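Colleague: all I have is the shape, not the residue letters:
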């Protein structure tokens with residue numbers, strides 16, 4: 001875990017906290033289910049007036065139901081691992097507006113990956129929020145049905161997020177291939193399986209949350225983050241109080257200040273209740 005430091009991320013009376021919450025493996029289990037204790041704890045922290053922000057690898061349309069489920073009518077959210085920043089406002093026609101999108105040219109990375117991982121499946125979130133994919137690749141985190149395209153079409157798109165998945169490689173083989181390629185000029189994280197998320201260079205959940213912290217003039221010591229995945233490492237390091245879920249990989253736990261119970265034991269609820 002991180003070296004000891006001031007953890008005044010535990011709120012004092014009347015202080016508004018910035019609370020960043022991962023979704024999959026944190027608020028919901030790997031079947032997509034949010035338990036009643038987690039939902040009620042999240043709703044209570046929202047109702048207490050804190051700046052509760054979803055910070056997820058999910059794309060916009062897969063994030064909106066979670067925002068609604070925990071009662072955020074007005075606030076902010078980070079989607080696509082920091083590639084998209086939302087302002088949530090129930091008074092707007094769609095209930096939200098996009099404040100920022102970080103895009104990049106996926107061509108060099110896709111060419112390098114395809115050469116090294118020819119049997120992998122590829123999907124890309126474009127600047128308009130559409131998903132393009134090869135080989136009928138679909139995932140709930142996309143939030144929309146991906147449109148099947150040829151690889152050349154993907155190379156020519158402007159990307160917010162690229163996802164690579166291989167059912168034919170072990171995670172170890174996948175990691176070796178990625179290390180061999182190098183993936184210069186982008187930010188990436190490897191998931192639980194042979195799954196790779198790619199964003200623009202320097203773009204992470206933490207970089208987006210820092211923009212929002214600055215926008216809201218929240219002091220750094222009033223930041224809390226909870227997550228379980230390798231794409232949460234920067235966020236847990238960024239937060240004054242970074243909490244890893246009990247089932248998190250060792251490198252995620254190493255980045256955190258503390259560890260809560262697993263998602264199946266409502267670990268997020270324990271953290272959220274500590275803020276009330």
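Modeller: Nice, I can see it. Quick caveat, the model's predicted, so the values are computed rather than measured. Numbering: from 1, shown residues only.

Colleague: element containing the residue lying closest to residue 99 once chain neighbours are set aside, please.
Modeller: Leaving aside its chain neighbours, residue 99 sits nearest to residue 85 (4.6 Å; criterion: CB to CB, 6 or more residues apart in numbering). All C-beta atoms are positioned from the backbone trio N, CA, C, and that covers glycine. Following DSSP states H and E, the helix or strand that holds residue 85 is strand 84-89.

Colleague: show me what that strand is packed up against.
Modeller: On a contact count with 3 or more CB pairs under 8 Å, 6 or more residues apart in numbering; DSSP states H and E, strand 84-89 meets helix 60-69, strand 74-79, strand 96-101, helix 205-216.

Colleague: highest mean neighbour count out of the ones you listed?
Modeller: Between the helices and strands packed on strand 84-89, strand 74-79 has the highest mean count of neighbours, a mean of 24, where neighbours are mean count of other CB atoms under 10 Å.

Colleague: which parts of this protein are helices?
Modeller: With helices called from DSSP state H, the chain shows them at 36-47, 60-69, 107-116, 151-155, 171-181, 205-216, 233-238, 250-255, 267-273.

Colleague: the shortest one: which residues count as buried?
Modeller: Neighbour-count burial for helix 151-155, counted by 16 or more other CB atoms under 10 Å, picks out 154, 155.

Colleague: quick one: contacts of it?
Modeller: For helix 151-155, contacts defined as CB atoms under 8 Å, 6 or more residues apart in numbering pick out 106, 107, 110, 111, 114, 122, 124, 132, 134.

Colleague: single out whichever of these has the smallest pLDDT.
Modeller: Lowest pLDDT among these: residue 134, with 88.

Colleague: hmm, that residue is touching residue 147, no?
Modeller: No. Using CB atoms under 8 Å, residue 134 is not in contact with residue 147; the gap is 10.7 Å.

Colleague: more neighbours: the two, which one.
Modeller: residue 134 (20 against 12; other CB atoms under 10 Å).

Colleague: what mean pLDDT does stretch 136-156 have?
Modeller: Mean per-residue pLDDT for stretch 136-156: 91.

Colleague: okay, buried residues for that stretch please.
Modeller: For stretch 136-156, burial by neighbour count (16+ other CB under 10 Å) applies to 137, 139, 141, 142, 143, 146, 149, 154, 155.

Colleague: so which of these comes closest to residue 210?
Modeller: Nearest to residue 210 among those: residue 141, at 23.1 Å, using CB to CB.

Colleague: just the pLDDT for the nearest residue to that closest one once chain neighbours are set aside.
Modeller: In space, and not counting its chain neighbours, residue 141 is closest to residue 58: 4.6 Å by CB to CB, 6+ apart. The model reports residue 58 with a pLDDT of 95.

Colleague: can you check residue 30 too?
Modeller: Per the predicted model, pLDDT is 86 at residue 30.

Colleague: surely it meets residue 24?
Modeller: Yes. Residue 30 is within contact range of residue 24, at 6.9 Å (criterion: CB under 8 Å).

Colleague: comparing the two, which residue is more hemmed in?
Modeller: Neighbours were counted for residue 30 and for residue 24 using other CB under 10 Å; residue 24 has more, 22 against 12.

Colleague: if we can go back for a sec, orientation of the strand holding residue 85 relative to strand 96-101 in degrees?
Modeller: Computed with axes from the mean of the first three to the mean of the last three CA atoms, to 10 degrees, the direction of strand 84-89 lies at 150 degrees from that of strand 96-101.
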